[in-house]
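Participant: Sharing a model prediction with you, sequence too.
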Amino acid sequence: MAKIEQLEPTTYLGNINSTDTRQANRLIILANGEMYEYDLSLFDKDRLYFGCDEANCDITIPAGNVVSPVHGKIKMTGSDMYIADMGSTTGTWILENNTYIRMDAKRYYHKNAADMILRIESPDHNTGASVAMIFTNSENKSAWKCVPLQEGITTIGRDPRNTIALDSSSFSRKHAAIKKEYGQYMIADYSSTNGVYVNGERVMGSCQVGEKDLIQIANSLFFILNGQLLYQNAMNGISLSMQNVDKIVGSNKNRKKILDRVFCDIGSNEFVAIIGGSGAGKTTVMNAMSGFDSEITGKIFCNGIDLQKNFNTMKNMIGFVPQQDIIYENLTLKKMLYYTAKMKMPPDTSKSEMLLRITKVLQMVDLEEHAQTYIRKLSGGQKKRASIAVEMLADPGLFFLDEPTSGLDPDTEQSLMHTLAKLSKTEGKTIIMVTHTTQSIHLCDKVIFMGPGGKICYCGAPSEITSYFGKKDLVEVYDELAGNVDSWNRLYLQNYIEEYRQKAQTPQERPTPKKAAKQVSAIKQLGVLTARYFELIWNDKQRLTLLLMQPLLIALLLKVVAKSETFKVFGATQSIMFALSCSGIWIGLFNTIQEICKERPILKREYMGNLRLWTYIISKYIVQGVICLTQATILTTVFLCLMKHAPKKALFMPTPQLEIWVTMFLTIYASAAMGLIVSAVVRNGDRAMAIAPFVLIIQLLFSGVLFELKGMSKKISLVTVSRWAMEGLGNITNLNALDSGIPNQPVQHNDFYNRGLGHLAHTWEILGVVAVICGIISVIMLHNLKKDRR
Ligand SMILES: Nc1ncnc2c1ncn2[C@@H]1O[C@H](COP(=O)(O)OP(=O)(O)OP(=O)(O)O)[C@@H](O)[C@H]1O
């Protein structure tokens, strides 16, 4: 909401933020303890007067002691509303950026897409005669409600047993409470997931609130007036304001500004498209708006709250659908949503609430009949809807989509655009998307046109783009901006900043709250991730078969090449043990080398939410542990059973076969852990497979079998799995004591194969440590995830 000096609604500046005329114009008045609601369009006039004089006003406010006879007027053009104080005695206050400022008499104040809140103050504050006026475009009757605040506690939350129960997943079951005692009010945050804000500042525990304070809980506004609590009942999208946002990348000569002084306002429940030529900075500006890009300068406010400072608590109210789908192909849609709900929804959500929410989001995106369908069987458009459903689970008020329509045919694109337009209006979402296709942008409320160099050139109604640029069609507008971006950017900034924003108060700097959002516990998250990973592996039967057939086939092939004197003669035994250890290394590496990179977009999105990287990696370790154990069992059992001879004596276990089995399990497991590092570093499966031969060659060269290890090669071998696997296997099979195969010539003693329990324990220990270190490195490598461009 901003002040516009002597401005007629029909002038250009009014149109810059104009919205489509589909929205309703409503006025809610709270006076003398009564709430009155007006549908302003029913007056059939574009100018309405309000005050206490019934004869001269269209809207009478029964509060003569505070409201002047003709107190103010309202002008309407479409859904735009302009309100002015007519020079009243008491004055009118407007809520701007979390503080009330007195309206200048006889100046119009423009209501943009967010609800506009006015107060008319009683000169004597103790009379309790203040009046509140709320202008809203919500189509929802009773978009605002009020309850008297009794002495004692008024609770707010999702649970129906609260005094104020609000049915939205962004509220915790018991979210907050207001305590009234001796006429004073205290508000307390009950450790909610999404927090409580008073005047844009996060409440840490509890704090005092008064009549002039604005309380924000999840997406709803609350304020106290004459002992009553007035609150937004219908869930509203979150409004967004970007102020002087820049982004510079590179250093020295390569330094480049990719966002240049971006200012814009987006109102709640608006459906906004960001368009512009390729490389203009559409994705960059959207990433900045979402708060997920921390490398920007300038300010972003969501509902007047500083997003960067409060990102940890506000990120749960932000949905983000990247260009790549964020769903697992091998889960049914319902299962995918269920696992996500367990991770994303407030920790106090019951299973039945989750299932209800899943049904609701499936309805929202028109996918109810596909609940039990495997995601791999859905069409491109349905997969996009499925990704949207995943993000809708936590009921975010602000929703970003990066090119949701790319790759879709025109019909599917239009249907998706209709779904998004519907979600913004009926579900109370602010939806912002980057798009290349413009055939359906008339469905949007607003278009942001980015010119080359990250410069904003237009922010307004889609129907007015061509007339604003004086062009016939959008193609001409693109051409115009390619050559003339600076002048259009300057014009935009002139109009927007100098004549418009400068008059508005910018929100004050506030200290950064330390408290982070309440998250699903690490243990619960680990459980969900592990269960999901198990199910993914289980559902991919082809891969599972391959994983289990591999050790079986390798064991059979090893039998084919093994000599009959294996376990009796040094050469034959060392060769087959080397082949066995290399097979184990290959099996482990193959298990995981594409495991992380193939799900990187999903991982990135979950990590931007509340996923902990270490729980993610541990879940991989748990599931891979089971797989590796099974593979080691198949490989060693089949191979050893087929062999004519067996190693003679065990070191400490009942049989040497068991000791070989443990060594092979640790070899496969440590190799799988190495594979995870590769998978965490590279961004796609092809690159991972290209690195695999290199990893294997290192294992061959430094195993100590093909080449003698000394000096540098010995040092390198310390971190190879093959060396430790060979030391273990050579020790168990007692290679040093075997026959050399040449009469009268003993085996040349090799310290690597020294027999002894301590030596075996040491090799197992090292293989275990390698596995752990690989896990830690993978977690460290994954911290770069946020830098992935899309
Ligand atoms: N981290 C970065 N380092 C260097 N340049 C970058 C970086 N991120 C973005 N850019 C550059 O900034 C410009 C804007 O990129 P962005 O992806 O936002 O454009 P876009 O309008 O979304 O493009 P497209 O429509 O082709 O996807 C491009 O020239 C891009 O190469």
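Facilitator: Ah, there it is.
Participant: After the host helix or strand of residue 419, which helix or strand is next?
Facilitator: With the criterion set as DSSP states H and E, the secondary-structure element containing residue 419 is helix 410-426. Toward the C-terminus, helix 410-426 is succeeded by strand 430-434 as the next helix or strand (DSSP H and E).
Participant: What pairs with that next one, parallel or antiparallel?
Facilitator: With DSSP bridges as the test, strand 430-434 is paired with strand 271-276 (parallel), strand 398-402 (parallel).
Participant: Check the offset of it from the chain's centre.
Facilitator: Shown here is strand 430-434, whose average C-alpha point lies 14 Å from the average C-alpha point of the whole chain (C-alpha atoms, centre = their mean, to the nearest Å).
Participant: Name the surrounding residues that touch that strand.
Facilitator: 237-240, 266-275, 282-283, 286, 289, 397-404, 420, 423-424 (C-beta atoms under 8 Å, 6 or more residues apart in numbering). The way it works is simple: take the backbone N, C-alpha and C, and place the C-beta from them, glycine included.
Participant: helix, strand or coil for the residue of the stretch 601-750 of the chain at minimum distance from the ligand?
Facilitator: Residue nearest to the ligand within the stretch 601-750 of the chain: residue 683 (14.2 Å; C-beta to the nearest ligand atom). Using DSSP: H, G, I helix; E, B strand; the rest coil, the secondary structure recorded for residue 683 is coil.
Participant: Also residue 449?
Facilitator: At residue 449, secondary structure determined by three-state DSSP is strand.
Participant: Bridged to it, which residues?
Facilitator: According to DSSP bridges, beta-bridge pairing links residue 449 with residue 275, residue 458.
Participant: Give me the number of neighbouring residues for it.
Facilitator: 27 (other C-beta atoms under 10 Å).
Participant: Let me know whether it touches residue 478 as I believe.
Facilitator: No. Applying C-beta atoms under 8 Å as the test, residue 449 and residue 478 come out as separate, 9.1 Å apart.
Participant: check contacts around residue 754.
Facilitator: Contacts for residue 754 were tallied using C-beta under 8 Å, 6+ apart; they are 731, 736.
Participant: how near is it to residue 769?
Facilitator: Taking C-beta to C-beta, to the nearest Å as the measure, residue 754 falls 20 Å from residue 769.
Participant: hang on, the residue of the stretch 601-750 of the chain closest to the ligand packs against residue 597?
Facilitator: Yes. A contact is recorded between residue 683 and residue 597 when judged using C-beta under 8 Å, the distance being 5.8 Å.
Participant: List the contacts of the nearest residue to residue 755 once chain neighbours are set aside.
Facilitator: With sequence-adjacent residues excluded and distances taken as C-beta to C-beta, 6 or more residues apart in numbering, residue 755 is closest to residue 734, at 5.2 Å. For residue 734, the contacting residues are 647-649, 753, 755, taking C-beta under 8 Å, 6+ apart as the criterion.
Participant: any shared contact partners between residue 449 and residue 478?
Facilitator: With contacts defined as C-beta under 8 Å, 6+ apart, the residues shared by residue 449 and residue 478 are residue 276.
Participant: Now residue 536. Nearest residue, chain neighbours left out?
Facilitator: With C-beta to C-beta, 6+ apart as the criterion, residue 536 has its nearest non-adjacent residue at 5.1 Å, and that residue is residue 330.
Participant: what's the answer for residue 179, then?
Facilitator: With C-beta to C-beta, 6+ apart as the criterion, residue 179 has its nearest non-adjacent residue at 4.6 Å, and that residue is residue 186.
Participant: okay, that neighbour: pLDDT?
Facilitator: With respect to pLDDT, residue 186 has a value of 92.
Participant: still on that earlier bit, phi first, then psi, for the residue nearest to residue 536.
Facilitator: Backbone torsions for residue 330, taken as degrees, to the nearest 10, come to phi -100, psi 20.
Participant: Check residue 248 too.
Facilitator: Torsion angles at residue 248 (phi, psi; degrees, to the nearest 10) stand at phi -120, psi 130.
Participant: how close does it sit to residue 453?
Facilitator: 12 Å.
Participant: Give the rounded mean pLDDT of the helix holding residue 419.
Facilitator: Averaging pLDDT residue by residue across helix 410-426 gives 85.
Participant: Show me how far it is from its chain's centre.
Facilitator: Mean-position distance between helix 410-426 and its chain equals 21 Å (C-alpha atoms, centre = their mean).
Participant: In that helix, which residues are buried?
Facilitator: Neighbour counts using 16 or more other C-beta atoms under 10 Å place 412-417, 419-425 of helix 410-426 among the buried residues.
Participant: following the helix or strand bottoming out on mean pLDDT in the chain, which helix or strand shows up next?
Facilitator: Between all helices and strands in the chain, the lowest mean by mean pLDDT, DSSP states H and E belongs to helix 12-16, at a mean of 31. In the C-terminal direction, the helix or strand that comes right after helix 12-16 (DSSP H and E) is strand 26-31.
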